[in-house]
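Chemist: Test case, fold it:
(one chain, ligands or ions: 2)
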Amino acid sequence: IKITNLEKVYRTDEVETIALNKLSMEIKKGEFVAVMGPSGCGKSTLLNILGLLDDPDAGSFIFNGQEIAGFNERQRADVRKRNIGFVFQSFNLIDELTVFENVELPLIYTGVKAAERKQKVEEVLEKVQIMHRRNHYPQQLSGGQQQRVAVARAVVNNPKLILADEPTGNLDSSNGNEVMELLTNLNEQGTTIVMVTHSEHDARYSHRIIRMLDGQTVTENILV
Ligand code: ADP
Ligand code: ADP
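Modeler: Numbers count the residues shown, from 1 in each chain. Ligands and ions are numbered 1, 2, ... in the order given. All right, here's what the predicted structure looks like:
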């Protein structure tokens, strides 16, 4: 990931908010980076752009060797589906679908055939140790189990990049540590991870902390 002079401005009626102010940073393949900073400094805006959910107003965003800034929604969705997995603070599982079906969704979106889907879903459910709950619904699981399902869904497509937004924010410390161990394992297998967190404890699982303030990086070189 190479971001140069990235700008994002939100405009509502009278007010203009500069969320990203000529932000620049570089994240190498295989890194595990924590992004920290006070509320409102632009962390979510940055993750949305890195996740190709939103488009910057100006600047350059090179992902996987390709200039993404200026891509339309369809082009972004195409790159997103095949390369990026998301883990959110609130899990964001679909309550009406079982564990298996939730994790299967990204494979359906990318057109994987049923037999291969079953194999891949089972493999990843084993990895996060939730196979025994495959036919349960999210509400029947503890918070830690739900987040493990969410991590399984994020990685089932073998993404190059995982974006995690406060992944332990709704978990107690023991479940939180389990999720951090899981992310660490995925990183050791080669997946790049960018994690927004308020937790200094969680940040220590990363290689590097990027600190942000007012839409800019304060420092991107605090080695952990
Ligand atoms: P963080 O995730 O670090 O809390 P955000 O990226 O959510 O920060 O927000 C950065 C700034 O942009 C804040 O001042 C916030 O109020 C503003 N902002 C975020 N989203 C919107 C939006 N949809 N409309 C208007 N302002 C927004
Ligand atoms: P935690 O203390 O980690 O939040 P819970 O007390 O929520 O855990 O859950 C303990 C165990 O009970 C978990 O294995 C979970 O899957 C199971 N469980 C919790 N709620 C339900 C439910 N409504 N139906 C079936 N199993 C449940």
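Chemist: E16 belongs to a helix?
Modeler: No. The assignment for E16, made by DSSP: H, G, I helix; E, B strand; the rest coil, is strand rather than a helix.
Chemist: In which helix or strand does the spatially closest residue to it that is not a sequence neighbour reside?
Modeler: Leaving aside its sequence neighbours, E16 sits nearest to V9 (C-beta to C-beta, 6 or more residues apart in numbering; 5.8 Å). Glycine gets a C-beta too; all of them are placed from N, C-alpha and C. Following DSSP states H and E, the helix or strand that holds V9 is strand 2-12.
Chemist: For stretch 93-105, measure first residue to last.
Modeler: The first residue of stretch 93-105 is 11 Å away from its last residue (C-alpha to C-alpha, to the nearest Å).
Chemist: what are the ranges of the strands in the protein?
Modeler: 2-12, 15-26, 32-36, 58-63, 66-67, 84-87, 161-165, 192-196, 208-213, 216-223 (DSSP state E).
Chemist: circling back: tell me what angle the strand holding V9 forms with strand 15-26.
Modeler: Strand 2-12 and strand 15-26 are oriented at 170 degrees to each other (axes from the mean of the first three to the mean of the last three C-alpha atoms, to 10 degrees).
Chemist: Kindly list the longest helix within the chain.
Modeler: helix 173-188 (DSSP state H).
Chemist: Need the contact partners of that helix.
Modeler: Contacts to helix 173-188, defined as C-beta atoms under 8 Å, 6 or more residues apart in numbering, come from residues 30, 32, 87, 128, 142-144, 147-148, 151, 155, 162, 164, 167-168, 171, 193, 195, 199, 201-202, 205.
Chemist: who touches the closest residue to ligand 2 within the chain in this structure?
Modeler: With C-beta to the nearest ligand atom, the shortest gap between the chain and ligand 2 falls at S142, namely 3.0 Å. With contacts defined as C-beta under 8 Å, 6+ apart, S142 is in contact with N175.
Chemist: thinking again about what came up before, in helices only, show me the contacts of helix 173-188.
Modeler: In this view, the contacts of helix 173-188 that belong to helices under DSSP H are 143-144, 147-148, 151, 155, 201-202.
Chemist: what's the most distant pair in the residues you listed?
Modeler: The largest separation in those, counting by C-beta to C-beta, is between V155 and H201 at 22.7 Å.
Chemist: The two: which is more packed in?
Modeler: V155 (22 against 12; other C-beta atoms under 10 Å).
Chemist: Any idea which residue is closest to the centre of the protein?
Modeler: The centre of the chain sits closest to L163, judged by C-alpha atoms, centre = their mean, with a distance of 1.6 Å.
Chemist: Could you pull up the residues touching that one?
Modeler: With C-beta under 8 Å, 6+ apart as the criterion, the residues that contact L163 are 47, 50-51, 84-87, 194-195.
Chemist: And it, how far from I27?
Modeler: From L163 over to I27 the distance is 11 Å, taken as C-beta to C-beta, to the nearest Å.
Chemist: quick one: terminal-to-terminal distance for stretch 8-27?
Modeler: Across stretch 8-27, the terminal residues are separated by 19 Å (C-alpha to C-alpha).
Chemist: Check whether that stretch comes near ligand 1.
Modeler: Yes. When contact is scored as C-beta under 6 Å from any ligand atom, part of stretch 8-27 falls within range of ligand 1: 10, 12, 17, 19.
Chemist: As JSON lines, these with neighbour count and distance to ligand 2 would be great.
Modeler: Output for the residues of stretch 8-27 next to ligand 1, formatted as JSON lines (neighbours: other C-beta atoms under 10 Å; distance: C-beta to the nearest ligand atom, whole Å):
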{"residue": "Y10", "neighbour count": "11", "distance to ligand 2": "36"}
{"residue": "T12", "neighbour count": "7", "distance to ligand 2": "38"}
{"residue": "T17", "neighbour count": "13", "distance to ligand 2": "37"}
{"residue": "A19", "neighbour count": "24", "distance to ligand 2": "35"}
